[in-house]
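> Sequence and predicted structure, then a few things I'm wondering about:
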Amino acid sequence: YYQCKMRERNKGLFAASQNINRDVATHTRQNSGGTRHGYECAEERDYYPYWHPSPWKDVAVLVSNTSRCPYYRAESQNVKNKGLCFHKNNNTVIDEYSNPTKCNNRSQSEPGEWRELGAFGIEPPFCGLAPWSRDNHLGNTYGGFSAQYNWTLPDIEQQRCVFRIRYNITTADYDAWNPAVNSSLNDRDGLKIGIKGGYPFNDDPTVDFGAGVDLKLSIDTSQFGRTFQDRSHTFEIRKRPTNVSNNTVIYNVNVRGKRGNIVQTFPGTEYDFVPQRLELSEKDLVHYQWTGSNSNPNNNAGQGKAGTDRSNIVQFADAAANLPLSLEETTMLPESVRTTAAFSRQYGGENSELDDSLPYMDLGLQSAPSNGVYQYGSSRNNNFSNRGQKATMIVTQFQSRSATLTRSGGNVEIPGLARLTFMENALSQDTVVTVAQKKSTELPSNLEAPASDEAISSIYELTPHGQQFSEPVEVAFPALKSDGSEGSFYMLKASGPEATFWEHVEGQVSKEGWIKANVTSFSYFVVIEGGVPIVAVVLGSLGGVLLIAGIAAGFYYRNNPGAWDEHKSKVFGKKGGLGGHGVSALC
């Protein structure tokens, strides 16, 4: 914050009619008076990507125009160096300089040197289409659920973390992405920007609408292009327990909202479980945890002791039921934690409404229940006709996710297992896209699954089969061995329902342990461990032979005949071969 307070603001930015009364980075078009909020830097808050070092590591950028994703990913400090001005003689930071030119041209008696501090050295942020939401409805999207992003936590040990969400609203009254829209168009009268119709772009103007009618417009130029920000309380990220496989997905079940009715909690929400609908497999784990509070306003509506909020878990027989099953009838939780879940870690005192329980609940890691649909909620807060705190858990042996995507692009994801990212114009029309785990017995009859000792992922079917995408689509799967040791991983793809062989897909393994590849069509995919032993291919229709590689392969397989049979069987299947033209051979 001190550096921000001392640093010259970016004077090249469009400030419209706003009078920014100081030339430091705590003052922006949106915050012209420099109002302070904790230690946040107003300029860093309002603009992204920011041009100076920041402590924030980028997780995701959700946009309305995915063609800008490469720009956002490349400019993130996750991967791009950001610099500061240093005093050449004593290596102290010279806070006031905001760019290399001014820093390096500092006087010889007090010479400056612009130094890049280095990127964070982590993956660039995910970038994809932001979910649609209706204006003035605070985030509800298709299907009636809140807009959301599934974040897979990094496997790190950090005791003091803060999560930040920012969102930007930009008007279409001028081209905010045009480099010509800059400080040269700043003026108090608001005429330089050239708004269509000749209207002045200043605060609350009265304009000539025609026919002798004047209209007063509700315009605040500090907010025409505005960034909002929310920050979480501090939280911890703990490393995955050593007894949990790296390939096991852990889902966090939490509680959002606070005590009160819909008016009292605005702009927040009443109590709700998050996720409200959780789909997972029998192999997954669930971490049930949340924190309550003792400091709600005492007059806020709710059950139990005034000013407190608490949550628990009881199971219902039906989503529309409000009388819970007994402990003996509960099946979604292991018997060892059912009492703790219902009474919120407190068995003494008066606890019918959890008044004597602790605010924090942590049931630890629990195995997913067997296949089925489970309805649950909180006995304290589920007040029929006033508010409901219920959720659904759907457990299957194999998971799938579908979404209808448009030309704008979007994402389809099985959290922790598979992720598809469509850029803008990859699709020519609205398309239902599905990613589904498959049993080896569900593959086409002429296609054999890779051997179980080589496959490190499930087999995934990506549909629609056969459709060619206009732009490459990124497919990503975890590439981690169950014991966490290093290895070489490869993605294989079969060409569709008529496929008889697997082919290698060029991909890269990220630092976070995901293998990613760009494809232009869908089919079956799997990730294997080990090399792909293809060194020469005869392409039937082209008649091309890679002679040097073929000769080397010939010597290897002639001296190791069992290796060819093993690799051919494991990787390509006994019933098929390699190559799209039906002919494959090794010299």
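Ah, there it is.
> beta partners of T392?
Here T392 shows beta-bridge partners R277, Q375, assigned using DSSP bridges.
> so what's the closest residue to H52 other than its chain neighbours up against?
Nearest residue to H52, sequence neighbours excluded (CB to CB, 6 or more residues apart in numbering): K82, at 5.8 Å. Placement of C-beta: from N, CA and C, glycine included. Neighbour list for K82: Y50, W51, H52, P53, S54, E116, L117, A119 [criterion: CB atoms under 8 Å, 6 or more residues apart in numbering].
> now, which of the residues you listed lie within strands?
Per DSSP state E, strands hold the following members of these: E116.
> circling back: next one: the residue nearest to H52 from I394, what distance?
In this view, K82 and I394 are 44 Å apart by CB to CB, to the nearest Å.
> now swap in Y97 and tell me
Using CB to CB, we find Y97 at a distance of 56 Å from I394.
> Quickly find the element holding the closest residue to T463 other than its chain neighbours.
Take T463 and drop its neighbours on the chain: the residue closest to it by CB to CB, 6+ apart is T434, 4.8 Å away. In the assignment (DSSP states H and E), T434 maps to strand 431-438.
> What residues sit buried inside that strand?
By neighbour count with 16 or more other CB atoms under 10 Å, strand 431-438 contains the buried residues T431, V433, T434, V435, A436, Q437, K438.
> And A306, how close does it get to V432?
Per CB to CB, A306 is found 49 Å from V432.
> can you give me the helices for the stretch 301-450 of the chain?
335-343 (DSSP state H, counting those that start in this stretch).
> residue ranges of the strands in the stretch 201-350 of the chain, please?
With strands called from DSSP state E, counting those that start in this stretch, the stretch 201-350 of the chain shows them at 206-210, 213-216, 226-231, 235-237, 250-256, 272-274, 277-281, 285-291, 314-316.
> Between those strands, which one is closest to S336.
Evaluated over the strands of the stretch 201-350 of the chain, closeness to S336 peaks at strand 285-291, with 12.9 Å, by CB to CB.
> Tell me which other helices or strands the closest one touches.
When contacts are defined as 3 or more CB pairs under 8 Å, 6 or more residues apart in numbering; DSSP states H and E, strand 285-291 sits against strand 250-256, strand 360-367.
> May I see these organised as JSON lines, with mean neighbour count, mean pLDDT and distance to M423 added?
What follows is the helices and strands packed on strand 285-291, written out as JSON lines (neighbours: other CB atoms under 10 Å; pLDDT from 0 to 100; distance: least, CB to CB, whole Å):
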{"stretch": "strand 250-256", "mean neighbour count": "17", "mean pLDDT": "94", "distance to M423": "28"}
{"stretch": "strand 360-367", "mean neighbour count": "16", "mean pLDDT": "94", "distance to M423": "36"}
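> Same list, these, but as TSV with distance to S452 please.
Shown next, in TSV, are these (distance: least, CB to CB, whole Å):
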stretch	distance to S452
strand 250-256	24
strand 360-367	22
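> Ok, which of these comes nearest H465?
strand 250-256 (29.7 Å).
> okay, the angle between the closest one and strand 277-281?
Orientation note: strand 250-256 sits at an angle of 170 degrees relative to strand 277-281 (axes from the mean of the first three to the mean of the last three CA atoms, to 10 degrees).
> and strand 250-256, what other elements does it pack with?
Judged by 3+ CB pairs under 8 Å, 6+ apart, the packing partners of strand 250-256 are strand 272-274, strand 277-281, strand 285-291.
> tell me how far that strand is from the chain's mean position?
When C-alpha coordinates are averaged (CA atoms, centre = their mean, to the nearest Å), strand 250-256 and its chain have centres 16 Å apart.
> try stretch 384-399
Taking CA atoms, centre = their mean, one finds the center of stretch 384-399 at 22 Å from the center of the full chain.
> mind checking how far P179 is from N243?
On the measure of CB to CB, P179 and N243 end up 55 Å apart.
> likewise N91?
According to CB to CB, N91 and N243 sit 47 Å apart.
> Please identify which of those two sits among more neighbours.
Neighbours were counted for N91 and for N243 using other CB atoms under 10 Å; N91 has more, 9 against 6.
> Is the more buried one located within a helix, as I assumed?
No. Counting by DSSP: H, G, I helix; E, B strand; the rest coil, N91 is not found in a helix; it is coil.
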